[in-house]
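could you work out the structure for the sequence below:
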Amino acid sequence: QVQLVESGGGLVQAGDSVRLSCAGSGRTFSRDTMGWFRQAPGKERELVARIAWNGGYPYYTDSVKGRFFISRDNAKNTVFLQMNSLKAEDAAVYYCAADSTNRGLYEYWGQGTQVTVSS
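Okay, here's the model as predicted:
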């Protein structure tokens, strides 16, 4: 069974840092583009960050540039999202996803982890 399992979310204060992890199992994701998405209540899901299979070409949505950093450890089939200087507007359910096509088609999704930011 192919799975992506996120962890690391929780309740934090504005200005804090949190690192999310996404562990893959059932297949290797080392050749996939990996993405972190988020969805806040009443809002559409948005791509927050993306990283190529070799760790290159990181992409960040404008609102998190300079605060969030995506990385991966292919040997551990894991991708990370380091979130710094958290703001109330960063509160959402965060999902990781895998794109084996490397064309923006994410076939595998985790169940999500909640990040709540108190101000």
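
which element, helix or strand, includes the residue most central in space within the chain?
In the chain, the residue lying closest to the centroid (CA atoms, centre = their mean) is W36, at 2.6 Å. According to DSSP states H and E, W36 maps onto strand 33-39.

name the surrounding residues that touch that strand.
Residues from elsewhere that reach strand 33-39 (CB atoms under 8 Å, 6 or more residues apart in numbering): 20, 22, 45-53, 70, 72, 79, 81, 90, 92-99, 102, 106, 112, 115. From N, CA and C alone the C-beta is placed, and that goes for glycine too.

next structured bit after that strand?
Using DSSP H and E, the next helix or strand after strand 33-39 towards the C-terminus is strand 46-51.

tell me the mean pLDDT over that next one?
Strand 46-51 comes out with an average pLDDT of 98.

stretch 13-25 too?
For stretch 13-25, the per-residue pLDDT averages 98.

from the chain's centre, how far out does it sit?
Distance of stretch 13-25 from the chain centroid (CA atoms, centre = their mean, to the nearest Å) equals 8 Å.

again with stretch 24-41
7 Å.

can you list the buried residues in it?
Neighbour-count burial for stretch 24-41 flags G24, F29, D32, T33, M34, G35, W36, F37, R38 (criterion: 16 or more other CB atoms under 10 Å).

nearest spatial neighbour of V93, skipping sequence neighbours?
G112 (4.3 Å; CB to CB, 6 or more residues apart in numbering).
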